[in-house]
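**Student:** Give me a 3D structure for the following:
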Amino acid sequence: QVQLVESGGGLVQAGGSLRLSCAASGRTFRSYAMGWFRQAPGKEREFVAAVTWSGGFTNYGDSVKGRFTISTDNAKNTVYLQMSSLKPEDTAVYYCAAGLLPTLKAAKEYDFWGQGTQVTVSS
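**Tutor:** Predicted coordinates for the structure are as follows:
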């Protein structure tokens, strides 16, 4: 089993930055790639980014490329999502997830999920 706990969400003005954290625990979490997804009201869950614990592979959704950066701190068992140049359309609940491959972008391919953290970007 894998347990994931997100933190770091909040309210930020357009153009600002925010860093989300996802603390991972459990016996097998290092066997999984780690991803971030987001879901706005009335919309489907959208892939944001994914990374391997080795840090050797990252993958981003088209809407966040060049603005968001995913990274890991293996000593802290934590995955980060650094978000910059935020836009109102980035407003959503952001979820951390664990899946078998970082190349996967479909939410159904991820096996474990955190509870989510709200990010609101004001214009």
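
**Student:** For the residue nearest the centre of the chain, name its beta-bridge partners.
**Tutor:** By Cα atoms, centre = their mean, the mean C-alpha position of the chain lies nearest to residue 36, the distance being 2.2 Å. As for beta bridges, residue 36 partners with residue 49, residue 96 under DSSP bridges.

**Student:** Equivalent analysis for residue 78, please.
**Tutor:** Beta-bridge partners recorded for residue 78 (DSSP bridges): residue 23, residue 73.

**Student:** What's the local residue count around it?
**Tutor:** If you count neighbours by other Cβ atoms under 10 Å, residue 78 ends up with 17. Glycine gets a C-beta too; all of them are placed from N, C-alpha and C.

**Student:** Would you mind writing the CA trace of stretch 49-62 as CSV?
**Tutor:** What follows is stretch 49-62, C-alpha atoms only, in CSV (Å, rounded to 0.1, in the frame of the first residue of the first chain):
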residue,chain,number,x,y,z
ALA,A,49,3.2,16.1,-14.4
ALA,A,50,5.0,12.8,-13.5
VAL,A,51,8.5,11.9,-12.3
THR,A,52,10.5,8.8,-11.2
TRP,A,53,12.1,8.7,-7.8
SER,A,54,15.4,8.6,-9.5
GLY,A,55,14.6,12.0,-11.0
GLY,A,56,15.8,10.7,-14.3
PHE,A,57,12.5,11.1,-16.1
THR,A,58,9.9,13.8,-16.1
ASN,A,59,6.7,14.2,-18.1
TYR,A,60,4.4,17.2,-18.3
GLY,A,61,1.0,18.1,-19.6
ASP,A,62,0.9,20.5,-22.5
